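Chemist: Give me a 3D structure for the following:
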Amino acid sequence: MRNMKLCQFAALSLLPVLAVAAPNFPLGTHLYKGTLTDWKNKVLTSTAKVTIQAVATNGTVIASTTVADPTVEGYNFLLQIPLSTTATDSTATVGDKLNCVILQDSGLSLAATPLTVGKANTVSTVALKFINMKSYTDGTNSVSVPQEYIDAISVWIEAYRDELGITGDYDPFADYDSDGASNYAEYCAGTDPFNAADKLEILAYAAEQESLHRLKFEYVGGHVYGVSTTLSLMKPAWTTQGVKKSETDVEHEQVMPSADEDAVGDIEIYVVPAEGATSQFFRLEAK
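Modeler: Numbering: from 1, shown residues only. Model prediction:
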């Protein structure tokens, strides 16, 4: 009997230990605040009937939203990603890579910039384009321009080729009208690359208050603008400057004067200078 008991004990000791799955806890959400533009660099509105999806690598749609009418800052979609400690069919984890897919009612579908999921209860900004892009490089800089824009402007290139001495195909790094703004910069601003009088520039600047400076410029509807700043032009280190739409407004990263792409006009925005700076330089940019 003693030997039998030992054998029974030995048999029991070989039973496998079952692993218990770690509990999966919800972590809240990560919000993407973004701007979706078309090939003309115009911010899309709700009439475009476009849906933006965040899709996991296994093809599961984690989040979805429709493009809305843009805010004054130019944002026209909010994409909220639900988070948990372990990814599921309806949640992602911090650091996950998601594919951003853009869908239109017409059936057109484009894959956009991949998204890396940020931390819970934080916000990321993202700029997307609903277009087919062509990439260019000049050895140092790389830019992407819509193929539709290139097709449209090629007609104008032929018309101005002799007058402006244009050679070859569209070159985003060239300055056809010699106004100091590259063809790519004019594309972003919605200005005419063949007309030196049509360019994005600061029309007026005033430091009426020590703590608030005013900039005036002419905008093109549907475009988003911002300001960058540096304390020196010797070795400039440009950083994003917060802007205000009025003297009492809160600061924004960018501003969209009008969603109407046919609207053109002057606008004044305000910037807060760096505290204690003896000099500061501002640069107006089209986003």
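
Chemist: pretty sure D151 belongs to a helix, no?
Modeler: Yes. The assignment for D151 is a helix, going by DSSP: H, G, I helix; E, B strand; the rest coil.

Chemist: can you tell me how far it sits from F25?
Modeler: According to CB to CB, to the nearest Å, D151 and F25 sit 51 Å apart. All C-beta atoms are positioned from the backbone trio N, CA, C, and that covers glycine.

Chemist: how would you label the residue nearest to the spatial centre of the chain: helix, strand or coil?
Modeler: Computing the C-alpha centroid of the chain and ranking residues by CA atoms, centre = their mean puts A127 first, at 1.9 Å. Following three-state DSSP, the label given to A127 is strand.

Chemist: ok, now which ones touch it?
Modeler: By CB atoms under 8 Å, 6 or more residues apart in numbering, the contact set of A127 is G34, T35, T37, K287.

Chemist: about what we covered before: and D151 and F25? which has more neighbours close in?
Modeler: Counted by other CB atoms under 10 Å, D151 and F25 do not tie: D151 has more neighbours, with 12 against 9.

Chemist: Let me see the confidence value for that one.
Modeler: Listed pLDDT for D151 reads 91.

Chemist: and it, how far is that from V224?
Modeler: In terms of CB to CB, D151 sits 24 Å off from V224.

Chemist: What is the least confident helix or strand in this protein?
Modeler: Least confident helix or strand of the chain, by mean pLDDT, DSSP states H and E, is helix 2-12 with a mean of 43.

Chemist: For stretch 50-67, give me every contacting residue.
Modeler: 32, 34, 36, 44-46, 48-49, 76-82, 87, 89-92, 96-104, 112, 115, 128, 130.

Chemist: ok, of those, which come out buried?
Modeler: Buried members of the contacts of stretch 50-67, counted by 16 or more other CB atoms under 10 Å: 32, 34, 36, 44-45, 48, 76-77, 79-82, 87, 91-92, 96, 98-103, 112, 115, 128, 130.

Chemist: Show me those residues that map onto strands.
Modeler: Applying DSSP state E to the buried ones among the contacts of stretch 50-67, the entries found in strands are 32, 34, 36, 77, 79-82, 98-103, 115, 128.

Chemist: For those residues, work out which two are farthest apart.
Modeler: L36 and P82 (21.4 Å; CB to CB).

Chemist: mind checking how far stretch 212-219 is from the chain centre?
Modeler: 23 Å (CA atoms, centre = their mean, to the nearest Å).

Chemist: what does that stretch contact?
Modeler: 200-208, 225, 227, 244, 247, 257-258, 263-273, 282, 284.
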